[in-house]
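Trainee: sequence unknown, structure follows:
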């Protein structure tokens, strides 16, 4: 255990400079540290929080999850799990009778050593896909494609890179914010030198968790970057009659197949064998500070999830509707990003490839709020309506690109 003041000056943890925090290094490749199994709690730390909490790290064994690690934050009214060995992805979240996540045919937390991203023509990423939130990037993202003779596999590499450093931080003063942050390195000789401090924070007593990532170009040269925050939700929120809502300026189908779903794009079918998937490209509206909001709510309108982000960081939104059979994976994705899910060569041609100068850092902030009542859903909808401000949604029936 290491106690620091002004911890943000020593480690890039998501803390206010004035906060006192207790920091725990669970992984550090440079120092030879790997705590396979670890736990702490408010009681163990001597913190007299009105909402007792615990934080646990477990190393998994057997099958293709051999060596995977799982960190669980449990504050009583919110449980959040993340996977340091899979790019710090978020696995599941729950509060009361609301669970965020989905049931994928991939039923283990697959270690990246068992995944070949170039398999099936660049679709190997799907061999491990079962998380609540996946970071698709950062060197590239989107569907597989070839650029300059090189295959860009599905959704990049970040989610299949184990974190080189993992730090848990607990503020010692109210509100006792808990932060878990990991360093994900995308480094390839001649091509990439990107480092991302990928983090999530929870305040005990809240049903909200916040993602804060910092992407830095460590190269001497300007580099491309792309990111899609692939946020995935299944039952019990997703069901026949469930509803999607967001502040939207324009929406268009991803391809010709998605044109069939334009008539009822905000609503969802029950599990429908043969449905496959439909994808829609959305340009969101935002408030004066660039903040916007999207929501998935159940048929009754008394359970849901709200996803907040900033269009100055993440200017586009993808809606993925995969209401296929239950065993195939009944799921929908609310996906803020710098790009849509087209291959990188298409995104480049349409001007959506971002650049990062040598030594520069780009930050990304998202907020996930669990909605456990009709009042919560109404409040989120009111926030969306305030951003929409009565403006009509422009429906474009023509896909913006063809793969």
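Mentor: Arrived safely, thanks for sending. Here the structure is a predicted model, which means the values were calculated and not measured. Numbers count the residues shown, from 1 in each chain.
Trainee: Where do the helices of the protein begin and end?
Mentor: With helices called from DSSP state H, the chain shows them at 42-45, 119-122, 326-329, 344-349, 374-388.
Trainee: which of these is buried the deepest?
Mentor: Greatest average neighbour count among the helices of the chain goes to helix 344-349 (a mean of 19), per mean count of other C-beta atoms under 10 Å. C-beta coordinates here come from the backbone N, C-alpha and C atoms, glycine included.
Trainee: sorry, back to before: using TSV, lay out the helices of the chain together with mean pLDDT and distance to residue 130.
Mentor: Below are the helices of the chain laid out as TSV (pLDDT from 0 to 100; distance: least, C-beta to C-beta, whole Å):
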stretch	mean pLDDT	distance to residue 130
helix 42-45	97	30
helix 119-122	96	17
helix 326-329	96	9
helix 344-349	96	25
helix 374-388	98	26
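Trainee: So for residue 292, which of the ones you listed sits nearest?
Mentor: Closest approach to residue 292 among the helices of the chain (C-beta to C-beta): helix 374-388, 5.9 Å.
Trainee: which helices and strands sit right next to that closest one?
Mentor: With contacts defined as 3 or more C-beta pairs under 8 Å, 6 or more residues apart in numbering; DSSP states H and E, the packing partners of helix 374-388 are strand 243-246, strand 291-297, strand 304-310, strand 361-371.
Trainee: now for those, which one comes closest to residue 99?
Mentor: That would be strand 361-371 among the helices and strands packed on helix 374-388, by C-beta to C-beta, at 9.1 Å.
Trainee: Looking at the helices of the chain, which is nearest to residue 173?
Mentor: helix 42-45 (12.2 Å).
Trainee: circling back to that earlier point, which of the helices and strands packed on helix 374-388 sits closest to residue 320?
Mentor: Counting by C-beta to C-beta, residue 320 lies closest to strand 243-246 out of the helices and strands packed on helix 374-388; the figure is 10.6 Å.
Trainee: neighbouring contacts of that closest one?
Mentor: 265-268, 282, 284, 292-297, 299, 301, 317, 319, 332, 334, 380-381, 384 (C-beta atoms under 8 Å, 6 or more residues apart in numbering).
Trainee: Quick one: mean pLDDT over that strand.
Mentor: Per-residue pLDDT values over strand 243-246 give a mean of 98.
Trainee: Over to stretch 250-261?
Mentor: 97.
Trainee: List the buried residues for that stretch?
Mentor: 251-254, 258, 261 (16 or more other C-beta atoms under 10 Å).
Trainee: ok, now stretch 229-241?
Mentor: Here stretch 229-241 shows 229-235, 237-239 as buried, counting by 16+ other C-beta under 10 Å.
Trainee: Spit out the contact partners of the most centrally placed residue in the chain.
Mentor: In the chain, the centroid-proximal residue (C-alpha atoms, centre = their mean) is residue 133; its distance is 3.5 Å. Residue 133 makes contacts with 89-90, 211, 229-232, 368, as judged by C-beta under 8 Å, 6+ apart.
Trainee: Relative to residue 392, which of those is nearest.
Mentor: Of all the contacts of residue 133, residue 392 sits closest to residue 231, with 26.2 Å by C-beta to C-beta.
Trainee: who's in contact with the closest one?
Mentor: 132-133, 307, 333-336, 366, 368.
Trainee: So what would you say the end-to-end distance of stretch 350-363 is?
Mentor: Terminal residues of stretch 350-363 are spaced 23 Å apart (C-alpha to C-alpha, to the nearest Å).
Trainee: returning to what we had before: which among the contacts of strand 243-246 end up buried?
Mentor: 265, 268, 282, 284, 292-297, 299, 301, 317, 319, 332, 334, 380-381, 384.
Trainee: For this protein, give me the ranges with low pLDDT.
Mentor: 1-19 (pLDDT under 70).
Trainee: of all the buried residues of stretch 250-261, which two lie farthest apart?
Mentor: Among the buried residues of stretch 250-261, 252 and 261 lie farthest apart (C-beta to C-beta), at 11.7 Å.
Trainee: residues shared between the contacts of these two?
Mentor: With C-beta under 8 Å, 6+ apart, residue 252 and residue 261 have common neighbours residue 280.
Trainee: coming back round to it: I'd like to know which of the contacts of residue 231 is nearest to residue 349.
Mentor: Nearest to residue 349 among these, with distances taken as C-beta to C-beta, is residue 335, at 20.7 Å.
Trainee: Grab the nearest non-local neighbour of the closest one.
Mentor: For residue 335, ignoring the flanking residues on the chain, the nearest one in space by C-beta to C-beta, 6 or more residues apart in numbering is residue 318 at 4.0 Å.
Trainee: How many residues are close by the one you found?
Mentor: Each residue near residue 318 was counted by other C-beta atoms under 10 Å, and the total is 23.
Trainee: So it versus residue 336, what's the distance?
Mentor: In this structure, residue 318 and residue 336 are 8 Å apart, going by C-beta to C-beta, to the nearest Å.
Trainee: what residues are shared contacts of the two?
Mentor: Counting by C-beta under 8 Å, 6+ apart, the residues touching both residue 318 and residue 336 are residue 228.
Trainee: you'd agree residue 170 is up against residue 180?
Mentor: No - applying C-beta atoms under 8 Å, one finds residue 170 not in contact with residue 180, separated by 10.0 Å.
Trainee: Those two: which is more packed in?
Mentor: residue 180 (26 against 22).
Trainee: That one against residue 197, yeah?
Mentor: No - at 11.0 Å, residue 180 does not count as touching residue 197 under the criterion of C-beta under 8 Å.
Trainee: ok, for residue 85, nearest residue in space, not its chain neighbours?
Mentor: Per C-beta to C-beta, 6+ apart, closest to residue 85 is residue 162, 4.3 Å.
Trainee: residues contacting that neighbour?
Mentor: Here residue 162 is in contact with 84-87, 112 (C-beta under 8 Å, 6+ apart).
Trainee: For those, which entry has the maximal number of neighbours?
Mentor: residue 86 (30 neighbours).
Trainee: Relative to residue 68, how far out is that one?
Mentor: 7 Å.
Trainee: Mutual contacts of these two, please.
Mentor: Joint contacts of residue 86 and residue 68 (C-beta under 8 Å, 6+ apart) are 109-111.
Trainee: from the residues you listed, which would you call buried?
Mentor: 109-111.
Trainee: Relative to residue 274, which of those is nearest.
Mentor: residue 110 (27.0 Å).
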